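**Student:** got a predicted structure plus its sequence, pasted below:
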Amino acid sequence: MPAQIINGNLLSQQLRADVARRAAALTAKGRQPGLAVILVGENPASQVYVRNKVKACEDNGIHSVLEKYPADMSEADLLQRIAALNADPKIHGILVQLPLPAHIDSHKVIEAIAAEKDVDGFHISNAGLLMTGQPLFRPCTPYGVMKMLESIDYPVRGAHAVIVGASNIVGKPQAMLLLQAGATITICNSKTRDLGHHTRQADILVVATGKRNIVTADMIKPGAVVIDVGMNRDDNGKLCGDVDYGPASEVAGYITPVPGGVGPMTITMLLVNTLEAAERTL
Ligand code: NAP
């Protein structure tokens, strides 16, 4: 039987309706949630991402400010802008679109964002809070994955979750969230020997490498939940994930498509984090 599809667009619609309702309630109290998005440089993919984030804010009652700067902006100027936004009471979330140009130290920039406005959840104190089980902000992509598992009532507690990819923005926080939900975790990286040996043991398989078709059908345990975070282009330039989707969906129990899976959930959870940052200021 083919896998059931976890539809990120549909789930996002439901969650965004709740965001819009709560944002309107806050606005009525004179506290409209506000997000500032900073883009430095002309990276075409980043331009699309920030446009989508700003539009999602507008559609759901969140005030948004997009600040675009040239690629040669100095690190000092960027830090100054962040300091101003930290002090701006209309702004509850600050997002600096990554990657930044090479002359800017992205760690320094992320640490400059006030932790209580760090809606991406990348600040070191937010990473520490997540690690110790007291998250203030959950990073948006892994948070979205948790909502997808919740949407199918998946019994995460006691399940074996295998995460392929160990980045600070996806793989590692995903592992922490699944661990805190009671799963047993395996994290794989580019040095992992015999990836399939690990993935075949997964009840929940989260793949986030940026390597097209890194997970094929023979690497999936029958009935597993397969969450594909990857975003790649196929030979025809069409968006695709890290999982060989067609054959994999013949083996998995549940699967997320690309596009229409994790991508929209990431933006939705950014809205949720911004909304909750604003709610906390009341
Ligand atoms: P990243 O920083 O490049 O990290 C990739 C991770 O994959 C690294 O930990 C790397 O291992 C691991 N990896 C690479 N080759 C591997 C292999 N052969 N076997 C096992 N692990 C391997 O990427 P990222 O930022 O996490 O993003 C990953 C993918 O998700 C990208 O396609 C990105 O576009 C996509 N993404 C999508 C969303 C969304 O909203 N849908 C959000 C964020 C990211 P090492 O640690 O050993 O280098």
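**Tutor:** Structure received.
**Student:** when you work out contacts or count neighbours from here on, use the C-alpha atoms and nothing else.
**Tutor:** Will do.
**Student:** only C-alpha atoms, please: export the helix ranked longest in the chain in CSV.
**Tutor:** Counting by DSSP state H, the longest helix found in the chain is helix 8-28. Provided in CSV are the C-alpha atoms of helix 8-28 (Å, rounded to 0.1, in the frame of the first residue of the first chain):
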residue,chain,number,x,y,z
GLY,A,8,2.6,20.4,4.7
ASN,A,9,0.4,22.9,2.8
LEU,A,10,-2.8,21.7,4.3
LEU,A,11,-1.4,21.5,7.9
SER,A,12,0.1,25.0,7.4
GLN,A,13,-3.2,26.4,6.4
GLN,A,14,-4.8,25.1,9.7
LEU,A,15,-1.9,26.4,11.8
ARG,A,16,-1.8,29.7,10.1
ALA,A,17,-5.5,30.2,10.7
ASP,A,18,-4.8,29.9,14.4
VAL,A,19,-1.8,32.3,14.1
ALA,A,20,-4.1,34.9,12.3
ARG,A,21,-6.7,34.6,15.0
ARG,A,22,-4.2,35.1,17.8
ALA,A,23,-2.4,37.9,16.0
ALA,A,24,-5.7,39.8,15.6
ALA,A,25,-6.4,39.4,19.3
LEU,A,26,-2.9,40.8,20.1
THR,A,27,-3.4,43.7,17.6
ALA,A,28,-6.7,44.5,19.3
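**Student:** so the helix or strand just after it versus helix 8-28, what angle?
**Tutor:** Sequence order places strand 34-40 as the next helix or strand after helix 8-28, per DSSP states H and E. Orientation note: strand 34-40 sits at an angle of 120 degrees relative to helix 8-28 (axes from the mean of the first three to the mean of the last three C-alpha atoms, to 10 degrees).
**Student:** now the following helix or strand past strand 34-40 - C-alpha only, PDB.
**Tutor:** Following strand 34-40 in sequence order, the next helix or strand is helix 44-59 (DSSP H and E). Taking C-alpha atoms only, helix 44-59 is exported to PDB below (Å, rounded to 0.1, in the frame of the first residue of the first chain):
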ATOM      1  CA  PRO A  44      18.500  34.500  -5.500                       C
ATOM      2  CA  ALA A  45      17.300  31.700  -3.300                       C
ATOM      3  CA  SER A  46      17.500  33.900  -0.200                       C
ATOM      4  CA  GLN A  47      15.400  36.600  -2.100                       C
ATOM      5  CA  VAL A  48      12.700  34.000  -2.700                       C
ATOM      6  CA  TYR A  49      12.800  32.800   0.900                       C
ATOM      7  CA  VAL A  50      12.500  36.300   2.400                       C
ATOM      8  CA  ARG A  51       9.700  37.300   0.000                       C
ATOM      9  CA  ASN A  52       7.800  34.200   1.100                       C
ATOM     10  CA  LYS A  53       8.300  34.900   4.800                       C
ATOM     11  CA  VAL A  54       7.200  38.600   4.500                       C
ATOM     12  CA  LYS A  55       4.100  37.600   2.400                       C
ATOM     13  CA  ALA A  56       3.200  34.900   5.000                       C
ATOM     14  CA  CYS A  57       3.300  37.600   7.700                       C
ATOM     15  CA  GLU A  58       1.200  40.000   5.700                       C
ATOM     16  CA  ASP A  59      -1.400  37.300   5.000                       C
END
